[in-house]
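A.B. asks: here is a sequence together with a model predicted from it:
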Amino acid sequence: MKKFVIIFLLLSLSVFFNSCDVIEEPYIEEGSLVWNGRKSLLLDFTGHTCGNCPDGHNKIEAILNNYGEAVIPVAIHCGWYSRIEGSNINQPFYYDFTTDIGFELGGDGITTGGALGVQGQPIGVVNVLKGDALKSPSAWASEVAKYISSFPQYEIEIDAFYNSVDSIIECNVIVESITENRNELHLVVYVLENNIVQWQRDYGSDPENVENYEHNHVLRGGFNGTWGEAIADKVYTEKTYQTKLGKDWVPNNCLILAFVYNSETYEVLQAEEIKLIEQ
């Protein structure tokens, strides 16, 4: 009888604590969403004078807290809100975050909206490099959730390092198919940087011009262009690339991103990133 009472109490406590453990979706927990190894690429079209864009940055951090390494974000500064407002380093918004890749994808906000037709910010795409896939930040988490349980068709391996003597970044990328498929593939390799402390307009702050804002996942450049290059071998491909470290890039904060997409549908099928290390 005593043994029965103890078991009953333990079961009751278990039910009580489980009923209190409420986790809002999206999440990856045993018995719910299962991540099978396919990583999602989230392109955030943003700008440092965009006062609503920090909301997008916050949404990304929430997604990363829930999904961890299953998601790779890229902050692409482009459009009207990426423009600088002078060259005086003692004044706000002098720093230029823009890249040729960013302008090609998201436009300059004056003459073009880029290949994806970006008209307003913040806005972004998850795993689809097409304008009709653009979504507001409130939809990004649900877009990521669509892919979490998908099984990957490819594995990507990256080795990346830089030489402080000549400031050359070199990376080796291996793409290997783990399922039979007939995808027409392109491989793209970018450089990203975290922990860039600069100005950001934030309508949720007072004052709204924030001097020491931390910009993360910032697109810095690429190794093989905006759209990458076709992969002829659909089973195993190995590529080596080099590029020059930007004069204001901090190597220890840099990441190398590689992803493959179907060049017929523009769906991103796998992505990977790795920290840059000194050789």
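C.D. replies: Great, that's in hand.

A.B. asks: check the secondary structure at the most centrally placed residue in the chain for me.
C.D. replies: Geometric centre of the chain, nearest residue: Pro73, 1.2 Å, by Cα atoms, centre = their mean. Look at Pro73: counting by DSSP: H, G, I helix; E, B strand; the rest coil, its state is strand.

A.B. asks: and for Ser142?
C.D. replies: Ser142 - assigned by three-state DSSP - is helix.

A.B. asks: that one: neighbour count?
C.D. replies: Around Ser142 there are 12 other residues, counting by other Cβ atoms under 10 Å. Where C-beta positions appear, they are placed from N, C-alpha and C, glycine not excepted.

A.B. asks: what separates stretch 221-236 from the chain centre, distance-wise?
C.D. replies: 18 Å (Cα atoms, centre = their mean, to the nearest Å).

A.B. asks: buried residues, it. List them.
C.D. replies: Neighbour-count burial for stretch 221-236 flags Gly221, Gly222, Phe223, Asn224, Thr226, Trp227, Gly228, Glu229, Ile231 (criterion: 16 or more other Cβ atoms under 10 Å).

A.B. asks: make CSV from those residues and add pLDDT and secondary structure to it.
C.D. replies: Formatted as CSV, the buried residues of stretch 221-236 follow (pLDDT from 0 to 100; DSSP: H, G, I helix; E, B strand; the rest coil):
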residue, pLDDT, secondary structure
Gly221, 98, strand
Gly222, 98, strand
Phe223, 98, coil
Asn224, 98, coil
Thr226, 98, coil
Trp227, 98, coil
Gly228, 98, coil
Glu229, 97, strand
Ile231, 92, strand
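
A.B. asks: of the residues you listed, closest to Ile256?
C.D. replies: Using Cβ to Cβ, Phe223 comes nearest to Ile256 of the buried residues of stretch 221-236, at 8.3 Å.

A.B. asks: hang on, isn't the closest one packed against Gln242?
C.D. replies: Yes: Phe223 lies in contact with Gln242 (Cβ atoms under 8 Å); the separation is 7.5 Å.

A.B. asks: ok, Ala115 touching Leu105?
C.D. replies: Yes: with contact defined as Cβ under 8 Å, Ala115 reaches Leu105; the gap is 5.7 Å.

A.B. asks: now the common contact residues for those two.
C.D. replies: Leu129, Thr226 (Cβ atoms under 8 Å, 6 or more residues apart in numbering).

A.B. asks: neighbour count winner among the two?
C.D. replies: Each of Ala115 and Leu105 has its neighbours counted (other Cβ under 10 Å); Leu105 has more, 24 against 17.

A.B. asks: spatially nearest residue to the more buried one (excluding sequence neighbours)?
C.D. replies: Gly114 (5.0 Å; Cβ to Cβ, 6 or more residues apart in numbering).

A.B. asks: what is the neighbour count of that neighbour?
C.D. replies: 21.

A.B. asks: tell me the contacts of the closest residue to Trp80 other than its chain neighbours?
C.D. replies: Once flanking residues are discounted, Trp80 sits nearest to Gly109: 3.0 Å by Cβ to Cβ, 6+ apart. Contact partners of Gly109, counting by Cβ under 8 Å, 6+ apart, are Cys78, Gly79, Trp80, Tyr81, Ser82, Arg83, Val118.

A.B. asks: let's see 7 Å
C.D. replies: Going by Cβ atoms under 7 Å, 6 or more residues apart in numbering, Gly109 touches Gly79, Trp80, Tyr81.

A.B. asks: for the residue nearest to the last one when sequence neighbours are not counted, give its distance to Asp108.
C.D. replies: Beyond its immediate neighbours in the sequence, the residue positioned closest to Tyr81 (Cβ to Cβ, 6+ apart) is Gly47, lying 2.8 Å away. The gap separating Gly47 from Asp108 is 11 Å, by Cβ to Cβ, to the nearest Å.
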